[in-house]
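Enquirer: Here is a sequence together with a model predicted from it:
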Amino acid sequence: MKISIEIDCSPEEARRFMGLPDLSPLQDHYVSQLQKAMEQSTISPDTLQSMVKNWAPMGEASTAMWRQMFDQATKPGS
């Protein structure tokens, strides 16, 4: 026997239905602070690497990919 259920809802509706907290204000604040720090160059490479490592779902492989991407983006003449 095979039963299929299709639910048509937005991510916001699914979040509310499951009782998960709305973290969008926190995320917006965090992203704006990160943008300010990057624009003002007040964020150190070690801090950035630590943040990326925390975000990385695949550990070192993902960290290496992010490092390469940032190296390419910050290379003079890019």
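Expert: All right, it came through fine. Residues are numbered from 1 along each chain as shown.
Enquirer: Show me what the lowest-mean-pLDDT helix or strand in the chain is packed against.
Expert: Sorted by mean pLDDT, DSSP states H and E, the helices and strands of the chain end with helix 45-55, the least confident at a mean of 73. Contact analysis of helix 45-55 by 3 or more CB pairs under 8 Å, 6 or more residues apart in numbering; DSSP states H and E lists helix 60-74 as its packing neighbours. Every residue, glycine included, has its C-beta placed from N, CA and C.
Enquirer: gap between the helix it packs on and the chain center?
Expert: Helix 60-74 sits 14 Å away from the centroid of its parent chain (CA atoms, centre = their mean, to the nearest Å).
Enquirer: could you say what helices and strands it packs with?
Expert: helix 45-55.
Enquirer: ok, and what's touching the helix it packs on?
Expert: The contact list for helix 45-55 (CB atoms under 8 Å, 6 or more residues apart in numbering) reads 34, 63, 66-67, 70.
Enquirer: how about CSV for those, with distance to Thr42 and pLDDT added?
Expert: CSV is the format used below for those (distance: CB to CB, whole Å; pLDDT from 0 to 100):
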residue, distance to Thr42, pLDDT
Leu34, 11, 78
Thr63, 22, 71
Trp66, 20, 75
Arg67, 20, 82
Phe70, 16, 81
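Enquirer: are any of those buried, and which?
Expert: Neighbour-count burial (16 or more other CB atoms under 10 Å) applied to these gives 63, 66.
Enquirer: Out of the contacts of helix 45-55, which comes closest to Phe17?
Expert: Nearest to Phe17 out of the contacts of helix 45-55 is Leu34 (CB to CB; 30.0 Å).
Enquirer: how close does the closest one sit to Ile7?
Expert: The spacing between Leu34 and Ile7, counted by CB to CB, to the nearest Å, is 34 Å.
Enquirer: Over to Gln40?
Expert: Going from Gln40 to Ile7 by CB to CB gives 44 Å.
Enquirer: Repeat that for Ala61.
Expert: 34 Å.
Enquirer: How is the protein divided into domains?
Expert: 12-42, 44-78 (automatic domain parsing).
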